[in-house]
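Participant: Test case, fold it:
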Amino acid sequence: MSQIALGLGDHRWWWGLRQIALHVVITLLALGIAFSLPVVAQYILYQWWPRVASDTSLLLSLEISLAGSLVVLFNMWRVAVENRRKSKVADTAALVYARHGAGWLSRRRERRLIRKVRTARDAFIMTLTGYDTFADAKSPLREPLQSAYEIRVMLLNPAAHGAEKRVSSLPEEVTQQSYAEEVEASIAHLMALRTLGKNVTLKFYDHEPFWKVVVLGDYLWVQYCHSGFEVKDQPEYVFVLNRNNPRLGLFVPFYVHFLEHWNDARHPRFDFDTRELVYCDDRGREVRRMRYAGAMASTPALLQPRPLGGFSP
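Facilitator: Got it, this is the predicted structure:
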């Protein structure tokens, strides 16, 4: 924790230094422009304009250039107004990031955003297998998850009818076997996080979901689970909590959506020690246990998560 605080202190110090340097540069530039205005005005009025007025070709070129400049400036003003309108809409929805596709530029922006939530204490995840979300070594959310203390995860039970329906709608390379193997890799990764002292809780649900939701601190990732398409190929939206007005934006509605499913007594908790599904009543009292039936006999080495050491992926 001391290293994290020290890193945040260094970041604030450099940020403050950059702000001071920027203000100094702007002030010097403004002074330079102010002192050069009389000289520039004298040159235009007494040397440049008489020469242009007496030359027809030069005057025509000036008129064309001025017309073109006005068109460009008008278009820039229109684009600025449109961007400002879109910015207000995004602020109202508390939308801070969105992407469609996996281009290197969008991934770079997402990694820059994730740097802001590396020290998030809580992580709440509702997804399908969890492999692309946190178990895969290439997942951008893998590192922030290792820094969180309380981790709540909900996955689609591979043995449920909802999983069978979901798999049947996907391309042929996605099978019940591969789906269960990805879930096993996610369970193994969560067990490794438990060995680091994390408070990890895993629950399973049976129905085909509408949304994939990931909450890290004040940021929330959302993707629509479109039938027939893999979630990783769907557009991704990131919302931030508006602390001044929590009712403003879509962070709270999706967060409540996760909590409603998490507190639903129909969704059993996974016991990591006995590999059993624990069912509880509305008061949280255990009523029965069932053997987890989604496990495969073996998990390919490709899906085995890398060992965790400290807080490094």
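
Participant: Flag every buried residue along the host helix or strand of residue 279.
Facilitator: Here residue 279, judged by DSSP states H and E, is contained in strand 276-280. Within strand 276-280, the residues that count as buried by 16 or more other Cβ atoms under 10 Å are 276-277. Using the backbone N, CA and C atoms, a C-beta is placed for each residue, glycine as well.

Participant: Any idea how far the helix or strand hosting residue 64 is from the middle of the chain?
Facilitator: For residue 64, the host element (DSSP H and E) is helix 56-93. Computed by Cα atoms, centre = their mean, to the nearest Å, the chain-centroid distance of helix 56-93 equals 33 Å.

Participant: Run through the residues that contact residue 148.
Facilitator: 120-123, 198, 216 (Cβ atoms under 8 Å, 6 or more residues apart in numbering).

Participant: tell me which residues in the helix or strand hosting residue 177 are buried?
Facilitator: In this structure, residue 177 sits in helix 176-195 according to DSSP H and E. For helix 176-195, a neighbour-count test (16+ other Cβ under 10 Å) marks 176, 178-187, 189-190, 192-194 as buried.

Participant: Provide a PyMOL selection command restricted to the buried entries of the contacts of residue 148.
Facilitator: Of those, the buried ones can be selected in PyMOL as follows, counting by 16+ other Cβ under 10 Å:
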select buried, resi 120+123+198+216
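
Participant: Okay, and which of the contacts of residue 148 map to strands?
Facilitator: 122-123, 216 (DSSP state E).

Participant: so can I have JSON lines of the residues you listed showing distance to residue 95 and pLDDT?
Facilitator: Output for the ones in strands among the contacts of residue 148, formatted as JSON lines (distance: Cβ to Cβ, whole Å; pLDDT from 0 to 100):
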{"residue": "122", "distance to residue 95": "21", "pLDDT": "89"}
{"residue": "123", "distance to residue 95": "21", "pLDDT": "91"}
{"residue": "216", "distance to residue 95": "16", "pLDDT": "90"}
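
Participant: which of these lies closest to residue 85?
Facilitator: residue 216 (29.5 Å; Cβ to Cβ).

Participant: which element follows the helix or strand harbouring residue 40 toward the C-terminus?
Facilitator: Applying DSSP H and E as the criterion places residue 40 in helix 2-43. Where DSSP H and E defines the elements, the next helix or strand beyond helix 2-43 is helix 49-53.

Participant: what's next to that following helix, contact-wise?
Facilitator: Outside helix 49-53, the residues touching it (Cβ under 8 Å, 6+ apart) are 58-59, 62.

Participant: Now which of those would you call buried?
Facilitator: Looks like the contacts of helix 49-53 have none buried, using 16+ other Cβ under 10 Å.

Participant: For the helix holding residue 40, what is the distance to the chain centroid?
Facilitator: The chain centre lies 31 Å from the centre of helix 2-43; the measure is Cα atoms, centre = their mean.

Participant: so where's the chain uncertain?
Facilitator: 1-13, 45, 101-107, 118, 295-313 (pLDDT under 70).

Participant: hmm, 50 instead?
Facilitator: Within the chain, the stretches with pLDDT under 50 are 1-8, 296-313.

Participant: Got the domain ranges for it?
Facilitator: Per automatic domain parsing, the structural domains of the chain span 1-54, 65-93, 95-303.

Participant: Return the residue of this protein that is most distant from the centre.
Facilitator: The centre of the chain is farthest from one residue, residue 54, which by Cα atoms, centre = their mean lies 61.4 Å away.

Participant: Just give me the neighbour total for residue 203.
Facilitator: Neighbour count for residue 203, taken as other Cβ atoms under 10 Å: 19.

Participant: partner residues bridging it?
Facilitator: residue 154, residue 269 (DSSP bridges).

Participant: what does the one 10 residues further on give?
Facilitator: Applying DSSP bridges to residue 213 gives these bridge partners: residue 126, residue 222.

Participant: That one contacts residue 123, doesn't it?
Facilitator: No. Residue 213 is beyond contact range of residue 123, at 11.3 Å (criterion: Cβ atoms under 8 Å).
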